[in-house]
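Trainee: after the sequence you'll find the predicted model.
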Number of protein chains: 12
Amino acid sequence: MAKKKRILVLHGPNLNLLGRRQPEIYGRLTLDQIDRRIRALARQLGVEVETRQSNNEGELVTWIHEASGRFGAIVINAGAYTHSSVALRDALVAVGLPAVEIHISNIHKREDFRRRSMIADAVVGQIAGFGVNSYLLGLRAAVECL
Amino acid sequence: MAKKKRILVLHGPNLNLLGRRQPEIYGRLTLDQIDRRIRALARQLGVEVETRQSNNEGELVTWIHEASGRFGAIVINAGAYTHSSVALRDALVAVGLPAVEIHISNIHKREDFRRRSMIADAVVGQIAGFGVNSYLLGLRAAVECL
Amino acid sequence: MAKKKRILVLHGPNLNLLGRRQPEIYGRLTLDQIDRRIRALARQLGVEVETRQSNNEGELVTWIHEASGRFGAIVINAGAYTHSSVALRDALVAVGLPAVEIHISNIHKREDFRRRSMIADAVVGQIAGFGVNSYLLGLRAAVECL
Amino acid sequence: MAKKKRILVLHGPNLNLLGRRQPEIYGRLTLDQIDRRIRALARQLGVEVETRQSNNEGELVTWIHEASGRFGAIVINAGAYTHSSVALRDALVAVGLPAVEIHISNIHKREDFRRRSMIADAVVGQIAGFGVNSYLLGLRAAVECL
Amino acid sequence: MAKKKRILVLHGPNLNLLGRRQPEIYGRLTLDQIDRRIRALARQLGVEVETRQSNNEGELVTWIHEASGRFGAIVINAGAYTHSSVALRDALVAVGLPAVEIHISNIHKREDFRRRSMIADAVVGQIAGFGVNSYLLGLRAAVECL
Amino acid sequence: MAKKKRILVLHGPNLNLLGRRQPEIYGRLTLDQIDRRIRALARQLGVEVETRQSNNEGELVTWIHEASGRFGAIVINAGAYTHSSVALRDALVAVGLPAVEIHISNIHKREDFRRRSMIADAVVGQIAGFGVNSYLLGLRAAVECL
Amino acid sequence: MAKKKRILVLHGPNLNLLGRRQPEIYGRLTLDQIDRRIRALARQLGVEVETRQSNNEGELVTWIHEASGRFGAIVINAGAYTHSSVALRDALVAVGLPAVEIHISNIHKREDFRRRSMIADAVVGQIAGFGVNSYLLGLRAAVECL
Amino acid sequence: MAKKKRILVLHGPNLNLLGRRQPEIYGRLTLDQIDRRIRALARQLGVEVETRQSNNEGELVTWIHEASGRFGAIVINAGAYTHSSVALRDALVAVGLPAVEIHISNIHKREDFRRRSMIADAVVGQIAGFGVNSYLLGLRAAVECL
Amino acid sequence: MAKKKRILVLHGPNLNLLGRRQPEIYGRLTLDQIDRRIRALARQLGVEVETRQSNNEGELVTWIHEASGRFGAIVINAGAYTHSSVALRDALVAVGLPAVEIHISNIHKREDFRRRSMIADAVVGQIAGFGVNSYLLGLRAAVECL
Amino acid sequence: MAKKKRILVLHGPNLNLLGRRQPEIYGRLTLDQIDRRIRALARQLGVEVETRQSNNEGELVTWIHEASGRFGAIVINAGAYTHSSVALRDALVAVGLPAVEIHISNIHKREDFRRRSMIADAVVGQIAGFGVNSYLLGLRAAVECL
Amino acid sequence: MAKKKRILVLHGPNLNLLGRRQPEIYGRLTLDQIDRRIRALARQLGVEVETRQSNNEGELVTWIHEASGRFGAIVINAGAYTHSSVALRDALVAVGLPAVEIHISNIHKREDFRRRSMIADAVVGQIAGFGVNSYLLGLRAAVECL
Amino acid sequence: MAKKKRILVLHGPNLNLLGRRQPEIYGRLTLDQIDRRIRALARQLGVEVETRQSNNEGELVTWIHEASGRFGAIVINAGAYTHSSVALRDALVAVGLPAVEIHISNIHKREDFRRRSMIADAVVGQIAGFGVNSYLLGLRAAVECL
């Protein structure tokens, strides 16, 4: 399958706890269950996805670097790093792949510090607030960017 | 068709100019063409949509009021009023319908005054930056809320 | 009855939903029921009132203009426009009638954006937080200004 | 007379100078004359009032404490302490009596530092700008809270 | 007369009260008298003008839309909406006609909230503070833009 | 017992209401019960304590002055004055005794105005959020400073 | 001696510790020694002075009230209350006596919170930074105001 | 020619470089060419103008002083000093001549620091954004002030 | 020993340099010596502690995740990450263990950027300023939370 | 006369207009008359003064440089440059002479931009608001610094 | 070669992409090519350099720790971490080696968030904007610090 | 020697005092000694330099203007004017010569007002904190720009 048909899905810090962590905000699905849904939709849309999770800002930066030439687009839920990481922002700009920023919760109606996304101006667009569906909508959006 | 299967799509000020207005930002489709795509997807998803556009804040408020009892969800691109209208926010909260906020451009990488959405905490979630696709993703998200 | 004995009561956006809208904040009376109570008190105080509601900022501005020469005072619940409308403020200053600003909820203990009233320096005073009673106290205050 | 029928009226710093102090802002009635009007209205409304004045923040705090169990509501013009006193705010919250915040002048159209009320979120509502009438309207509002 | 020789003059909210409203700030001429002076100068400069006034933000937006193809330039006194209307700003950018922003009073020496013009970066330039003469200078400036 | 072995424990405004005041935040122990626990721990640690409470900023300032030469350290819960009192701050600096700032609730996760301590740079350290245990930990910390 | 020849010198919180408190900032003279110097200069200038110190904001307010009719001018070192007390400001405005604000240290080169004087717009002028000499210069300034 | 018929045109720092400096912003005319156009219009309007340029804030201040009694009005393009010079502001207020503030570019749509004019509240009005025409419109405005 | 009796002590970035790093601020004990004191107190209090240090934000996040089910409480000195890490905050909230935030120095009297703790609203309380004793007091506080 | 007995009095921009400029703020004495009063008091105090005025920031900087070794102290009314000039501040720090900052008007009760003195932390103290008397008090203060 | 003659050159996140990443901002040299130039200049200056790159904040912190005793100075391009990392700042302060902060681009003319360097007050000086030459100038500056 | 080989070195206000002024910050070399070192390095690098110093903002502006056509690059230490001068910024942009901004001290770790450089976006890059070496590194950087 050509690189252009491959999409990298990145999960940032604490997302490995999904299902256990504040289910009233983040839902009851585990990260594995979410990844399975993402892969199911990917198959349906005729693209290949690879999903990875890290709690480490530097590792996420490195994975974005490595996506260059191997993937056609990125779906990223940068979690807590969304609000502070210039490094992720610079990495996304540097590799130049179309990226879709997603959030499980609606970050625009939570604490003030969650309202600002540092990576917003390095991505095509943002989807926030639809639970696991944010990933699925994000995957659709990414496919459109291929 | 039951109310729960009907979705109201609201276009705010200046969106009647789509296709003519800054196409490098807002794309080359006219509002009519966009509405046709929305309706096509709606049919595919088995829901009914009604689309309306107004340049008038008060009229948009009234339409949201009238949606209560007639629609099951709202997809709203409040345009310029997104950033200042407490009235739209209060209207959405008052009717209590699930609403999806969408934006054609990625408001988070434009002027500072476009980064704040006054209606954000009255909606389920926000989708921004995917051109006409923002509407289509928004419709999918709204259908999930029915 | 002389103009000086007539008071205009203006209801701003979303107030037509009273009774339906967040009753824990705005109470369970409908706008009609509130208007009836206002009229009852007016009769008791020997003044005539006219009540109007609009979701439209421009219409409220126009009604304030028209009050000049026909009413002796204004009681205004500008709703959401309280917090952003320079136009209402300028209209009130322009007609020069004594005006009383009222709010059903205590705007000073809600969201930050509700704490600032743009019309405050165009009115005699402000009454906020007493539910429907805010209107009745406001009417008494307006009568004192005649 | 039952406690529920008793209302404490508190005057904060400098209000003992009323009548002498900037009459163009605060009116020409002395505090005694105002207290007499308050008592007259109280009799008419069938409640008992007690009025006290202090220039001392700590004393006002203590009086609020002592009101618990002896009064059914508080009308408070905290004067200058309105804008800075966390202690008064905490005292009002602690005793849990319904309280009405009043101001002789319209604090929302004076200096910036007068626009913020620290006690606002510890009271039912606020009445400002109607001169001595602010007290009388405040008494009516307090009676409704009994 | 060719479209390029036609200029639309828009008056925003409250300007219908000119002559009656705070004459020490806004002068003693009525809007009719001002319009007559504008037309007189237009004849002298060999252009045609059309003048309109609305208190309604949405109506002003619509008129700007309609100017496209019918007028060669716009002179706009957006009044109170100057300071808050993203919708007017977007409308002016969308139609792409040269526009001149004018103000009767010098908005830069009044209240803080009047110092910021939201439409400033959608216009060629701004003229403020010269009373009715602001309109006449604005007309001259607009003619230069044809 | 030498002065160096004596510790002054100061309770600021509204702390006399402990046990009655918002027990979900401040706990169910009265000030007397807290003082007894403090004295019990003091005996165990071999120091003498004196506890005082005042609602009056000036009185607290004066007590700090008087501590000089009579006590070896101060444990202070300045309550509401924590957030505004330059006078308490200056008093603590002036007498130069080691002081421990304590708070029953975690002031860093409450209202914004509670996050700033004006006395913080006049004390050795701060302990906040452990209920009555904040006093006991504070006493231990103060004993270390003797 | 006529009232017009009498000057009230007020010392605010912590000034009773002068000589003991941070002598590198506030000098080595005690308050008594300073008062003696003030009285010596007063005699030389042919005026009578009365000096008072309080740590209590309310007491300072009351003393300002009582000065009306008994003194011709006030010299005030409001100490820590300078930076927060609206009550002192209102008291000075209310009594209308010419007042001179003085500070021992140069408040404009210390912590940020000391740079703002709340009482500044209630006084004729301000003298800061000259140690005990600030009082003596302030007395001269006050005598000029008689 | 009487003083009242004479107008001083002041050019601030860097304006001597006009024609050379960022022509896409400031146009291609040199200062000499602009001055010639100003003089031509002056003749047409029946007034006399004198034009001066300085890079030196103090010299501009002095020229404003000297205008008193010799000129009837001032047209000033203060250039970079517009945004910081309290001295120019004070000079304009001190001499009390009607002054018109002009800018070649539309300062309200450039960098943030150019949006604030320190001299705005010392002038009759402001004209910005019309290139050399700003001077000509400014001259017309000044003539109206004579 | 049951999980409920086990406490995880986390040391953030640069704390491995303790003893070498600015001893006037952070004291002269090495991290090893501190850990030994913590363990000694733990034995005395009848709990088991495990101590870990990392300079890596992601590793600290992961350790907090792993604490779930293995420890009954956390004592955390997040060092520099205290002031910026949303990820640590979210991790603490996600695992839901009682946590005690401690700081060797009094962060409230150092640089402005150290005054804000991002993790404050994810912990029970905060102890700052007592050197190594902050850890010991923090351990006592954590034991109370078991 | 020894250098230590010589005082340089500097007048900043626009002060040459004294007597003509806003006499309700700056008084009716001309600069010459003020200088004469300064010299008279100097003689009485046994010191020599030299007074200079400049509208030019750079010239004032140079005069401060030249004062080194020739004067024992400086009295400076920096006028408008007070609020923006880092250069004057640095010059005063560089020469290290004791300096007294004076202002004719009380800058602390005028526009916000006049409340901040950039030179404040380069001077011994500040005297503001006493008209010409500010100079005389400043001279006395400077003599004390010799 | 003695430690004092060894310099550690640290490259922060994303710098491994140099040559590929936004060459119009960061130039066309790869990190390897830059490192070769640095080493060439080092030889010429008679010092030894070691260069390392990491995308990981914690790893950079650890490398700074390890430099202590092994290097005489540090040249650091902290990349995106420059603007947020208190940990890097604390690490540099802790080891106490002279450090030179360099940036390839002129961070002072890019986005606002790049203007603030968190590490600035832990380094000797800063060099920004000279492309690869920033490293070479930084190396010269570091050699001077040995 | 061709213009392209000539570099203008500008010293701003107070730099004529170098060696005398706060040597702990600015070093012990006089401006003459620094200029000699600059010239020595220039000879070594095969370029010609001219150095000038002024305390006058306008004169510095004029010198920048005159550099056009006579010099190939500028090295500028704008001293205090760095932080406020829009005029210097505009002059540098207008002449379009490559310029290098240098500072003797590290302005990023001094007072807040020194952290912002107004000229930063008119220069190639900035070098700060290396004492006289800042000039020498700046000269090297400028030579690279020729």
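Mentor: Structure's in. What do you need? What you are looking at is a predicted structure, and each value in this text was computed from that prediction instead of being measured.

Trainee: for residue A:52, phi and psi?
Mentor: In terms of degrees, to the nearest 10, the main-chain angles of residue A:52 are phi -140, psi 150.

Trainee: so which residues of chain A form helices?
Mentor: A:23-26, A:31-45, A:57-67, A:86-95, A:132-145 (DSSP state H).

Trainee: closest one to residue H:116 among these?
Mentor: helix A:86-95 (29.0 Å; C-beta to C-beta). Any C-beta I mention is one placed from the backbone N, CA and C, and that applies to glycine too.

Trainee: before we move on, back to that, just send the helices of chain A back as TSV, with distance to residue E:114, mean neighbour count and mean pLDDT too.
Mentor: Below are the helices of chain A laid out as TSV (distance: least, C-beta to C-beta, whole Å; neighbours: other C-beta atoms under 10 Å in any protein chain shown; pLDDT from 0 to 100):
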stretch	distance to residue E:114	mean neighbour count	mean pLDDT
helix A:23-26	42	12	81
helix A:31-45	51	16	97
helix A:57-67	45	23	97
helix A:86-95	36	25	96
helix A:132-145	41	24	97
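
Trainee: wait, which of those is closest to chain G?
Mentor: helix A:86-95 (28.3 Å; C-beta to the nearest C-beta).

Trainee: packing partners for that closest one?
Mentor: helix A:57-67, strand A:73-77 (3 or more C-beta pairs under 8 Å, 6 or more residues apart in numbering or on different chains; DSSP states H and E).

Trainee: run the chain-centre distance for stretch A:47-58.
Mentor: 8 Å (C-alpha atoms, centre = their mean, to the nearest Å).

Trainee: quick one on the thing from earlier: got the helices and strands packed on helix A:86-95 as CSV, with distance to residue L:142 columns?
Mentor: Listed next are the helices and strands packed on helix A:86-95 as CSV, based on distance: least, C-beta to C-beta, whole Å:
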stretch, distance to residue L:142
helix A:57-67, 35
strand A:73-77, 42
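
Trainee: need the contact list for residue A:33.
Mentor: residue A:19 (C-beta atoms under 8 Å, 6 or more residues apart in numbering or on different chains).

Trainee: how far away is it from chain L?
Mentor: 49 Å (C-beta to the nearest C-beta, to the nearest Å).

Trainee: with residue A:100 instead?
Mentor: 33 Å.

Trainee: ok, that residue touching residue A:143?
Mentor: No: using C-beta atoms under 8 Å as the test, residue A:100 is too far from residue A:143 to be in contact (9.6 Å).

Trainee: now for the two: what residues contact both?
Mentor: With C-beta under 8 Å, 6+ apart, residue A:100 and residue A:143 have common neighbours residue A:73.

Trainee: flag every residue of chain A that's near chain C.
Mentor: Within chain A, no position is adjacent to chain C by C-beta under 8 Å from any C-beta of the partner chain.

Trainee: what does chain A put close to chain H?
Mentor: So chain A never meets chain H (C-beta under 8 Å from any C-beta).

Trainee: residue A:80 touches residue I:94, doesn't it?
Mentor: No: assessed by C-beta under 8 Å, residue A:80 is found out of contact with residue I:94, at 10.4 Å.

Trainee: what is in contact with the two at once?
Mentor: Common neighbours of residue A:80 and residue I:94 (C-beta under 8 Å, 6+ apart) are residue A:14.

Trainee: sorry, back to before: could you redo the helices of chain A as TSV and give each row distance to residue E:5?
Mentor: Converted to TSV, these look like this (distance: least, C-beta to C-beta, whole Å):
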stretch	distance to residue E:5
helix A:23-26	61
helix A:31-45	55
helix A:57-67	56
helix A:86-95	48
helix A:132-145	46
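
Trainee: find the nearest non-adjacent residue to residue A:54, please.
Mentor: residue A:60 (5.3 Å; C-beta to C-beta, 6 or more residues apart in numbering or on different chains).

Trainee: re earlier: tell me which of the helices and strands packed on helix A:86-95 lies nearest to residue K:41.
Mentor: helix A:57-67 (27.6 Å).

Trainee: gap between the closest one and the chain center?
Mentor: Worked out by C-alpha atoms, centre = their mean, helix A:57-67 lies 13 Å from the chain centre.

Trainee: taking helix K:57-67 as reference, get the angle to that helix.
Mentor: 110 degrees (axes from the mean of the first three to the mean of the last three C-alpha atoms, to 10 degrees).

Trainee: what's helix A:57-67 packed up against?
Mentor: So helix A:57-67, by 3+ C-beta pairs under 8 Å, 6+ apart, packs with strand A:6-11, helix A:86-95, helix I:57-67, helix K:57-67.

Trainee: enumerate the residues of chain A near chain D.
Mentor: Contacts of chain A with chain D, taken as C-beta under 8 Å from any C-beta, are absent.

Trainee: now the residue of chain A found nearest chain K. Nearest residue, chain neighbours left out?
Mentor: Closest to chain K within chain A is residue A:58: 2.9 Å, counting by C-beta to the nearest C-beta. Nearest residue to residue A:58, sequence neighbours excluded (C-beta to C-beta, 6+ apart): residue K:56, at 2.9 Å.
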